[in-house]
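> sequence and predicted structure, then a few things I'm wondering about:
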2 protein chains.
Amino acid sequence: MSKSTETRNYIMQKSFDLIYQKGYQATSIDDIIATTNMTKGAFFYHFKNKEQMGLELISELLYPSMYEIMVKPLIESKDPLTAIYEMMERLLNDEDFFNADYGCPAINLMEEMSPINNTFKKALSKLVLSWKDSIVSAIQSAQPLGLVKPHVSPEEVAVMVISGYGGVRGLGKVIGRKAYTTYLAGLKSYLNQL
Amino acid sequence: MSKSTETRNYIMQKSFDLIYQKGYQATSIDDIIATTNMTKGAFFYHFKNKEQMGLELISELLYPSMYEIMVKPLIESKDPLTAIYEMMERLLNDEDFFNADYGCPAINLMEEMSPINNTFKKALSKLVLSWKDSIVSAIQSAQPLGLVKPHVSPEEVAVMVISGYGGVRGLGKVIGRKAYTTYLAGLKSYLNQL
DNA sequence: GACATAAGATACTACTTAGTATGTTTTGCA
DNA sequence: TGCAAAACATACTAAGTAGTATCTTATGTC
């Protein structure tokens, strides 16, 4: 990796961390160059402006890493229901990438930016829609196998699961990690009854 | 109502609207005095500073109105499960107070402010905890009546319902109101199976 | 090793921000 | 009706904001 792309990645990673903790709008370019020990010249050499940097953050950092943990485990799984539960368990128990106090970086950006920036909204909707699709497919594939009752709506389940995740990430910000464990228990009963 | 408290209420109501649409940090005092046609002198006569105004917004406007629609319907209800469902239905279908693009003002503030301001966090946790308590009590009261299976954990149900609500408000920002209707259908099946 | 360009640094600008100091007007009440 | 205090207005400040213009240094290539 060239020195140039190395610093670019470094700026993006640090920006990601700051935005994750403080929010996109509350993170200033001065913040970013301060924590990276870079200068404005470096930042604006690598990125057209702050918005462009944010969008590249989503497509190059957020989307791929979230796809890996949220979507991929659901594709090609013999046991879709436990795959969904274990995906959620890994997601909520990953304390390296996530911090209960700060919630989920993807959800945070959705909450903050969707209402005020249509480009962000579209970029983020890709992520949520591909997650939804993978859950719908998982349930659909489970039904002919008799693992999920035939009258169950895969769309409804997907919305329930996604909403549950987004909501418990917000709840965790307020009442802490215990929200996660309680939610996971509730999710297990929910999935078992489908 | 005196003229003074009238303008105070007016400032608070307009501030509430702005914060609901743009977020707390993105709403400047200049924004507020511009949309109210007031001046800085008026604002700082009625409020010590921006933070204090936000906190009074929560305790005087947000908490009471949310309590009315979220908590009250669950107290003294003969049929707790349908009470929960109908509460959620009213909450999500109220298009006067809420806008799908902007989500829920309480959830928004939780998402934005809990990680960065402990006073906001504590004020907002009151709301979410009293909601949780009322759901727990509703389920508990339903169990001896045979309306909810005895092995069901009221705490788990409460966390599922609250997370579902918070999450679907975020999802609605991205994919629109159809998230609400799908979620409500999913919630109904979930509650019926308890 | 020269030298063109990439990569980064410095110093600015124009604007916005929360908050203050000090002014003027309105209002209740003796 | 006079007048003190409440209610509001005006004009500032100091710090922060995204972005630009221009400079210097590093790096690959012939």
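Yep, that arrived.

> looking at chain A, which helix or strand does the model trust least?
helix A:3-22 (a mean of 94; mean pLDDT, DSSP states H and E).

> any idea how many residues pack against the residue nearest to A:S65 when sequence neighbours are not counted?
Among residues not flanking A:S65 along the chain, A:F97 sits closest, at 7.3 Å (C-beta to C-beta, 6 or more residues apart in numbering or on different chains). Where you see a C-beta, it was placed from the backbone N, CA and C, and this is true even at glycine. By the criterion of other C-beta atoms under 10 Å in any protein chain shown, A:F97 has 12 neighbours.

> phi, psi of A:F97?
Per-residue torsions, A:F97: phi -80, psi -30 (degrees, to the nearest 10).

> flag every residue of chain A that's near DNA strand D.
Contact residues, chain A versus DNA strand D (C-beta under 7 Å from any atom of the strand): A:2-3, A:27-31, A:40-41, A:44, A:49-51.

> show the buried residues in those.
Buried residues within the residues of chain A next to DNA strand D, defined by neighbour count using 16 or more other C-beta atoms under 10 Å in any protein chain shown: A:27, A:50.

> in helices, which of the residues of chain A next to DNA strand D appear?
The subset of these located in helices under the criterion DSSP state H comprises A:3, A:29-31, A:40-41, A:44, A:50-51.

> and which of those residues is nearest chain B?
A:D31 (13.1 Å; C-beta to the nearest C-beta).

> next up, the contacts around the closest one.
Going by C-beta atoms under 8 Å, 6 or more residues apart in numbering or on different chains, A:D31 touches A:18, A:22.

> state the distance from it to A:N49.
15 Å (C-beta to C-beta, to the nearest Å).

> likewise A:A158?
Taken as C-beta to C-beta, the span from A:A158 to A:N49 is 35 Å.

> ditto for A:T82
45 Å.

> which residues does the residue nearest in space to the middle of chain A contact?
In chain A, the centroid-proximal residue (C-alpha atoms, centre = their mean) is A:A106; its distance is 3.8 Å. Applying C-beta under 8 Å, 6+ apart to A:A106 gives the contacts A:62, A:66, A:124, A:127.

> which of these are buried? Put it as a PyMOL command.
With 16+ other C-beta under 10 Å as the criterion, this PyMOL line picks the buried residues out of the contacts of A:A106:
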select buried, chain A and resi 62+66+124+127
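
> and of the contacts of A:A106, the nearest to DNA strand D?
A:L62 (18.8 Å; C-beta to the nearest atom of the strand).

> so the closest one sits against A:N108, correct?
No - counting by C-beta atoms under 8 Å, A:L62 stays clear of A:N108, with 10.3 Å between them.

> closest approach to DNA strand C from chain A, which residue is it?
Closest contact between chain A and DNA strand C, by C-beta to the nearest atom of the strand, is at A:G41 (1.5 Å).

> A:L55 versus that residue, what's the distance?
Where A:L55 is concerned, A:G41 sits at a distance of 21 Å (C-beta to C-beta).

> isn't A:S163 up against B:Y180?
No - counting by C-beta under 8 Å, A:S163 sits too far from B:Y180 to count as a contact (9.9 Å).

> what touches both of those two?
B:V168.

> more neighbours: those two, which one.
With neighbours defined as other C-beta under 10 Å, A:S163 and B:Y180 compare such that A:S163 has more, 27 against 22.

> now the helix ranked longest in chain A: average pLDDT?
Longest helix of chain A, by residue count under DSSP H: helix A:118-142. Averaging pLDDT along helix A:118-142 gives 97.

> domains in chain A, as residue ranges please.
According to automatic domain parsing, chain A comprises the domains A:1-47, A:57-192.

> the helix or strand following the longest helix of chain A near chain B anywhere?
Downstream of helix A:118-142, the next assigned helix or strand under DSSP states H and E is helix A:154-175. Yes - among the residues of helix A:154-175, A:155-157, A:159-160, A:162-168, A:170-171, A:173-175 lie within reach of chain B under C-beta under 8 Å from any C-beta of the partner chain.

> what mean pLDDT does helix A:154-175 have?
Rounded mean pLDDT across helix A:154-175 is 98.

> next: stretch A:89-97.
Averaging pLDDT along stretch A:89-97 gives 95.

> end-to-end on it?
Taking C-alpha to C-alpha, to the nearest Å, stretch A:89-97 runs 14 Å from one end to the other.

> buried sites along that stretch?
A:89, A:91-92.

> among those residues, which lie within helices?
Those of those lying in helices (DSSP H): A:89, A:91-92.

> adding distance to A:I139, write these out as JSON lines.
Listed next are those as JSON lines, based on distance: C-beta to C-beta, whole Å:
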{"residue": "A:E89", "distance to A:I139": "18"}
{"residue": "A:L91", "distance to A:I139": "18"}
{"residue": "A:L92", "distance to A:I139": "20"}
